[in-house]
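Engineer: when you get a sec, could you give me coordinates for this:
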Amino acid sequence: MQSQNFQSDITIVGGGLAGVCAAISAARLGKSVALIGNRPVLGGNSSSEVRVWVCGATSHGVQRYARENGVIGELYVENQYRNPEGNPIIWDEVVHDAVRAEPNIRLFLNTDVREVDAADVGGERIITGLRGWTMGSELWTEFHSPYVIDSTGDGLIGHLAGAEYRLGREARREYDESWAPEVSDDEFLGSTILFYTKDLGRPVKFVAPDSAKDITQTPIPTSRILRSGDSGAQYWWIEWGGELDIVHDNERIRDELRSVIFGIWDHIKNSGNFEAQNLDLEWVGSVPGKREYRRFIGDYVLTQNDILAQTDFADAVGFGGWSIDLHPVEGMYASEPGALQRYGAGIYGIPFRSFYSRNVANLLVAGRDISATHVAFGSTRVMATCGVGGEAAGTGAALALEMGLRPREIAADHPEKLRQLLLRQDAAIFGVKNSDPDDLARHATVTASSHAVAIDPAEFEPGRADELIDLDNDLALVVPVDPHLDAIDLLLSVPNNTRVSASLWTTGRPQNAVPIDEHARTSVDVTGRNEPQWVRFPLGWHPEVPENVVIVLEACSGVAAVSQSVQVPGVMTLVHSPEADGDVNVEVDHTEPLIAWPALPLRGRTVRSRLHPATAAYAPQKAVGGYQRFYGGPQLWASAPLDEGDHADLMVEWPHPLEIRQVRLVFDDDPDVELNTLHHHRTPDEVFPELVRDYVVEVRDGDTWHLLARVSANRRRQRVHNTERAYIADAVRVRVLATNGAAQARVVSLRVY
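Structural biologist: Got it, this is the predicted structure:
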């Protein structure tokens, strides 16, 4: 038996997406990282061993402008390109390649950390070392580092170190949560095993194993939807173990789940009630996908009220948007729906104080074990949100090392420094404006060869056909008001003399895109015509700062709005659908704005409209010193439409020459579009059309431009260009030569260092 020692800056235990994102973010900041996973592949529940699709703040398209950027966003986008069929084995390699690309990461797979040394030193409890056993190699490894991140999901490392944590559900009175039980208990969300099927094109028999459960003796056939041909994601509700100890009863839970899967398949194949003659059982998981166990206690415990009220945190370092998604403790044997879901009006922030232990000074946490109540955890537990938290924890640990401080001190005294560092890395953080003192572009004059001044899809992307949307229900248009709005013209089909009514609503928060508060209402008498006509609605609104508003057109028989299949940044069309159809296994509140005003039915179709005055939402200044995400507007520069062979320029210049060593660019990858690793929901474009494809970066010395970088076939949102030598220059120019399909060049952020 062999042994070894490994010293690093940060030890990360847990090879799921939280651990992966933590490792990559810390490594990119120059820290040496040991990333340890006890499985042969990375990705945790998303890996080919378990095959849970990666959900996040988009909540399958319910949320708006909510897809994560940062490391998890990079993985999403790369998988979309490499893996359009959603093969879980290819996803394994997408994740593994991202880790391999970072020379500062040393990866230890098949390594189970079983022992943790912790001691009280200088008045604080710290982890001094960890030991892991590598299966198959018969190797013990001792790990030592100033900081440790527990991203194990179950929270084993923190538990062994003596970190405080909670199990089960808090009582309602503890945090004043209406969805919490009256009395605290030890109940959990259960675990799940999935299965895949395949059509062989010929009859295939199935002889059930002895372990198969007779599901006709359970509530499953009447309380859950069974269909021939469904598999994988459709069976998320095969869940059990919430009344047991999720960890210590893991083997029992696995056996029960597999017995039900074989029973379901026996029922589908052999009951005679399904068209399943040619279907074969291709794969059944052996590793239960766990939803819940330990939740560590940090300096802040995120609650239901924080999510629904979208609490503003000065130390918010990531965001979520998945519903508060709670399941009956009986799981698949419950007669009630498999999930109860509740939403706020948009995405919410998660504070850094929830990403470290309050009593183990050098322990950070990431993933489903962060500091949150059981109810709040119902939202934060999904994997893309865990990845966002991993990046926050990895960046926080790197900054703590850099500053010689504890995470608690970072949260209390330097939260903005951490947030600015995350924003610089293009992490998934909203509502934070670039105030980086080292970014030279913030002190430059910003100009562009052109910029869009209209939201009319016919002007934004010319050449598309008009399509009518009948006003059978109220129809809403989300638009940016920048700097103010006097009136809006809408192109309507009004064949007969009709009075048409509209209202203006604000959204409650800058990151939201739903009607919350009504501020103006008007009705216009329209003379009928055979052709569509522009109708002006004098809905004046003069906010102190730019913001999103929602223009609601009231239902009106015989009237239709004219739209085009164009996605205009920061603009979307909603339909009032208080009884929207959805997953019958899920119970939602149809009065919530996100549910009552769904974006999915008309996603990608924009009502033809004109703002008065013209909008400044796409001005070149938006790409410098801005937010980098939808927040009171689209927050990007968009050029005027380009003809074939044209180019568009974005330039920053200074009155005196400066030393230039790095240019950082962030391009638009339409964060309103949901991506999914295993393509439970498909997206047609392997590369986002909005992304800049070919471009050059140049620096100017006097009258001479020098090439700094030339890029072709770009498919990534963030690009960092380091110079081989220092340039003395008085201007930097990005020249966009081609996009991946969009009519305009779009740049979210231009930074110069």
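Engineer: the closest residue to F108 other than its chain neighbours: neighbour count?
Structural biologist: The spatially closest residue to F108, leaving aside those adjacent along the chain, is I36, at 4.6 Å (Cβ to Cβ, 6 or more residues apart in numbering). For the C-beta atoms, the positions are set from N, CA and C on the backbone; glycine is no exception. By the criterion of other Cβ atoms under 10 Å, I36 has 29 neighbours.
Engineer: ok, the one 5 residues further on next?
Structural biologist: V41 has 21 neighbouring residues, counting by other Cβ under 10 Å.
Engineer: do V666 as well
Structural biologist: Applying other Cβ under 10 Å, we find 23 other residues in the vicinity of V666.
Engineer: cross-check the contact I'm expecting between it and V720.
Structural biologist: No: taking Cβ atoms under 8 Å as the contact criterion, V666 and V720 are not neighbours in contact, 9.9 Å apart.
Engineer: element containing K269?
Structural biologist: Here K269 is covered by helix 250-270, with elements defined by DSSP states H and E.
Engineer: and that helix, how far out from the chain's middle?
Structural biologist: Helix 250-270 has its C-alpha centroid displaced from the chain centroid by 32 Å (Cα atoms, centre = their mean, to the nearest Å).
Engineer: next SSE downstream of that helix?
Structural biologist: Tracing the chain C-terminally past helix 250-270 and defining elements by DSSP H and E, one meets strand 279-284 next.
Engineer: run a quick neighbour tally on V317.
Structural biologist: Burial of V317, expressed as a neighbour count using other Cβ under 10 Å, amounts to 30.
Engineer: assign the residue nearest to it when sequence neighbours are not counted to helix, strand or coil.
Structural biologist: Spatial nearest neighbour of V317, chain neighbours left out: A392 (3.9 Å); criterion: Cβ to Cβ, 6+ apart. Reduced to three states with DSSP: H, G, I helix; E, B strand; the rest coil, the structure at A392 is helix.
Engineer: per-residue pLDDT of A392, please?
Structural biologist: Model confidence at A392, expressed as pLDDT, equals 98.
Engineer: quick one: residues contacting it.
Structural biologist: With contact taken as Cβ atoms under 8 Å, 6 or more residues apart in numbering, A392 is in contact with 317-318, 350, 352, 355, 366, 422, 427.
Engineer: in what helix or strand does T141 lie?
Structural biologist: strand 139-144.
Engineer: any idea how far that strand is from the chain center?
Structural biologist: Relative to the mean C-alpha coordinate of its chain, strand 139-144 is positioned 34 Å out (Cα atoms, centre = their mean).
Engineer: parallel or antiparallel, list what pairs with that strand.
Structural biologist: Partners of strand 139-144 in the sheet, by DSSP bridges, are strand 2-7 (parallel), strand 124-134 (antiparallel).
Engineer: for that strand, buried residues please.
Structural biologist: When neighbours are counted by 16 or more other Cβ atoms under 10 Å, the buried residues of strand 139-144 are found to be 139-141, 143-144.
Engineer: which of the residues you listed sits closest to R166?
Structural biologist: When those are compared for distance to R166, the smallest value, 26.7 Å, is given by F143; criterion: Cβ to Cβ.
Engineer: was I right to think the closest one contacts L35?
Structural biologist: No: using Cβ under 8 Å, F143 and L35 do not qualify as a contacting pair, with a distance of 10.6 Å.
Engineer: buried sites along the helix holding K269?
Structural biologist: So for helix 250-270, counting by 16+ other Cβ under 10 Å, buried means 250, 253-254, 256-269.
Engineer: by contact count, what packs against that helix?
Structural biologist: Helices and strands touching helix 250-270, as assessed by 3 or more Cβ pairs under 8 Å, 6 or more residues apart in numbering; DSSP states H and E, comprise strand 191-192, strand 195-199, helix 220-223, strand 239-240, strand 279-284.
Engineer: tell me what the third one is packed against?
Structural biologist: It refers to helix 220-223. Identification of packing neighbours for helix 220-223 by 3+ Cβ pairs under 8 Å, 6+ apart yields helix 250-270.
Engineer: ranges for the strands of the stretch 451-600 of the chain?
Structural biologist: Along the stretch 451-600 of the chain, the segments classed as strands by DSSP state E, counting those that start in this stretch run 467-470, 475-481, 487-493, 498-506, 517-526, 533-537, 547-553, 560-564, 572-575, 586-587.
Engineer: nearest to N5 among those would be which one?
Structural biologist: Of all the strands of the stretch 451-600 of the chain, strand 586-587 sits nearest to N5, with 49.5 Å by Cβ to Cβ.
Engineer: hmm, who's touching that closest one?
Structural biologist: The set of residues that contact strand 586-587 without belonging to it, under Cβ under 8 Å, 6+ apart, is 336-341.
Engineer: what's the weakest-modelled helix or strand in this protein?
Structural biologist: One helix or strand of the chain scores below all others by mean pLDDT, DSSP states H and E: strand 586-587, with a mean of 90.
Engineer: still on that earlier bit, any idea of the angle the helix holding K269 forms with strand 195-199?
Structural biologist: Taking axes from the mean of the first three to the mean of the last three Cα atoms, to 10 degrees, one finds that helix 250-270 is oriented at 20 degrees with respect to strand 195-199.
Engineer: tally of neighbours for the residue lying closest to V329 once chain neighbours are set aside?
Structural biologist: The shortest distance from V329 to any residue that is not its chain neighbour, by Cβ to Cβ, 6+ apart, is 3.9 Å, and that residue is G242. The criterion is other Cβ under 10 Å. On that basis, G242 has 22 neighbouring residues.
Engineer: and the one 3 residues further on, by the same measure?
Structural biologist: Residue neighbour count, defined by other Cβ under 10 Å, stands at 14 for D245.
Engineer: returning to what we had before: among the contacts of strand 586-587, which are located in strands?
Structural biologist: In strands, judged by DSSP state E, the following of the contacts of strand 586-587 are found: 339-341.
Engineer: what's the local residue count around R173?
Structural biologist: By other Cβ under 10 Å, the residues close to R173 number 11.
Engineer: that one in helix, strand or coil?
Structural biologist: Three states are possible here, and by three-state DSSP the one that applies to R173 is helix.
Engineer: hmm, who's touching stretch 691-706?
Structural biologist: Outside stretch 691-706, the residues touching it (Cβ under 8 Å, 6+ apart) are 653, 657, 660, 663, 665, 667-669, 687, 707-717, 721, 727-740, 745-747.
Engineer: for it, buried residues please.
Structural biologist: For stretch 691-706, burial by neighbour count (16+ other Cβ under 10 Å) applies to 691-700, 705.
Engineer: coming back round to it: just put the strands of the stretch 451-600 of the chain in JSON lines and tack on distance to G86 and mean neighbour count.
Structural biologist: Shown next, in JSON lines, are these (distance: least, Cβ to Cβ, whole Å; neighbours: other Cβ atoms under 10 Å):
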{"stretch": "strand 467-470", "distance to G86": "30", "mean neighbour count": "15"}
{"stretch": "strand 475-481", "distance to G86": "30", "mean neighbour count": "25"}
{"stretch": "strand 487-493", "distance to G86": "39", "mean neighbour count": "21"}
{"stretch": "strand 498-506", "distance to G86": "38", "mean neighbour count": "19"}
{"stretch": "strand 517-526", "distance to G86": "40", "mean neighbour count": "13"}
{"stretch": "strand 533-537", "distance to G86": "44", "mean neighbour count": "17"}
{"stretch": "strand 547-553", "distance to G86": "33", "mean neighbour count": "24"}
{"stretch": "strand 560-564", "distance to G86": "30", "mean neighbour count": "22"}
{"stretch": "strand 572-575", "distance to G86": "26", "mean neighbour count": "22"}
{"stretch": "strand 586-587", "distance to G86": "22", "mean neighbour count": "16"}
